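[1] could you look at this predicted model? Sequence included:
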Amino acid sequence: MKFLPRRRRSAPTIIIISLIDILIVLLIFMMVTTTFKQQPAMKLALPESTQATPGSGEKNLVISIRKTAPYLYLDNKEVSPEQLQAELGTQAAQNPKISLAIRADNEAPFGQIVKVMDIAKAANIKAVNAYTRTPGQK
C-alpha cells in the first residue's frame, strides 16, 4: 500500500564560485600572516673593499651601527653603550677566544665605530673584524 507518492529528491546544488572565493581569501590570509625567511631588522649600506677576505665559520658577536640614532645593535637588538659594555664583558668572560664583527653603515658616524672598538678592547676581546662588500655586490 502506498499512501503517499515518493518524491524524487534532486541533488543539492553547490555553488562552487563562492567556495573558490572563500578559498582565495583564506589563501591570501595565510600568505600574509606566514613568516617567511628572517628579514633583516635594518638595511645597511656596507663599505666596499677590494681586499676583503671571507669570514671564518666561528661564532662571532655582531654589532651593527646605523647612520641614524639609535646607533648600536647587538644581534639585531638595540643596545646602549653601557649595555653593550656589560654584554661584551659577560661574553668575553665566558669565552676568552670570542671575536667581534662590526657591521657599520657606510655613512655611520666614525665616533660610534671607535666607541665600539674601545668597548671591545676594554672587554678584552682580541679579534675585531668588519663586514664589507665587494665593489660589484649590492
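    Looks like it arrived, so ask away.

[2] for the rest of this, base every contact and every neighbour count on C-alpha atoms.
    Fine.

[3] give me the neighbour count for residue 134.
    When neighbours are counted by other CA atoms under 10 Å, residue 134 registers 14.

[4] quick check: it touching residue 46?
    No. Taking contacts as CA atoms under 8 Å, residue 134 lies outside contact range of residue 46: 9.4 Å.

[5] can you tell me which residues contact residue 72?
    With contacts defined as CA atoms under 8 Å, 6 or more residues apart in numbering, the neighbours of residue 72 are 63-66, 78-81.

[6] swap in 6 Å and give it another go.
    Counting by CA atoms under 6 Å, 6 or more residues apart in numbering, residue 72 touches 64-65, 79.

[7] same check on residue 127?
    Taking CA under 6 Å, 6+ apart as the criterion, residue 127 is in contact with residue 99.

[8] can you pull out the low-pLDDT segments for the chain?
    When the per-residue scores of the chain are filtered using pLDDT under 70, the ranges that remain are 1-3, 35-42, 52, 55-59, 138.

[9] ranges for the helices of it?
    Read by DSSP state H, the chain holds these helices, from start to end of the chain: 16-33, 81-94, 110-122.

[10] how about stretch 108-128: buried residues?
    Neighbour-count burial for stretch 108-128, counted by 16 or more other CA atoms under 10 Å, picks out 108, 112-113, 116-117, 119-121, 123-125, 128.

[11] from those residues, pick the one nearest residue 100.
    Comparing the buried residues of stretch 108-128 against residue 100 with CA to CA picks out residue 128 as the nearest, at 4.7 Å.

[12] these two touch, right, the closest one and residue 102?
    No. Using CA atoms under 6 Å, residue 128 makes no contact with residue 102, being 7.3 Å away.

[13] ok, and what's touching stretch 84-94?
    With contact meaning CA under 6 Å, 6+ apart, stretch 84-94 is reached by 119, 123.

[14] now that stretch, how far from the centre of its chain.
    Its chain's C-alpha centre lies 22 Å from the corresponding centre of stretch 84-94 when counted by CA atoms, centre = their mean, to the nearest Å.

[15] for it, buried residues please.
    With the criterion 16+ other CA under 10 Å, stretch 84-94 contains buried residues 84-85, 88-89, 91-92.

[16] convert that stretch to CSV, retaining C-alpha atoms only.
    What follows is stretch 84-94, C-alpha atoms only, in CSV (Å, rounded to 0.1, in the frame of the first residue of the first chain):
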residue,chain,number,x,y,z
LEU,A,84,77.0,46.8,25.2
GLN,A,85,79.9,47.0,27.5
ALA,A,86,78.2,44.8,30.1
GLU,A,87,77.2,42.2,27.4
LEU,A,88,80.7,42.1,25.8
GLY,A,89,82.3,41.7,29.3
THR,A,90,80.0,38.8,30.1
GLN,A,91,80.6,37.1,26.7
ALA,A,92,84.4,37.6,26.9
ALA,A,93,84.4,36.1,30.4
GLN,A,94,82.5,33.0,29.2
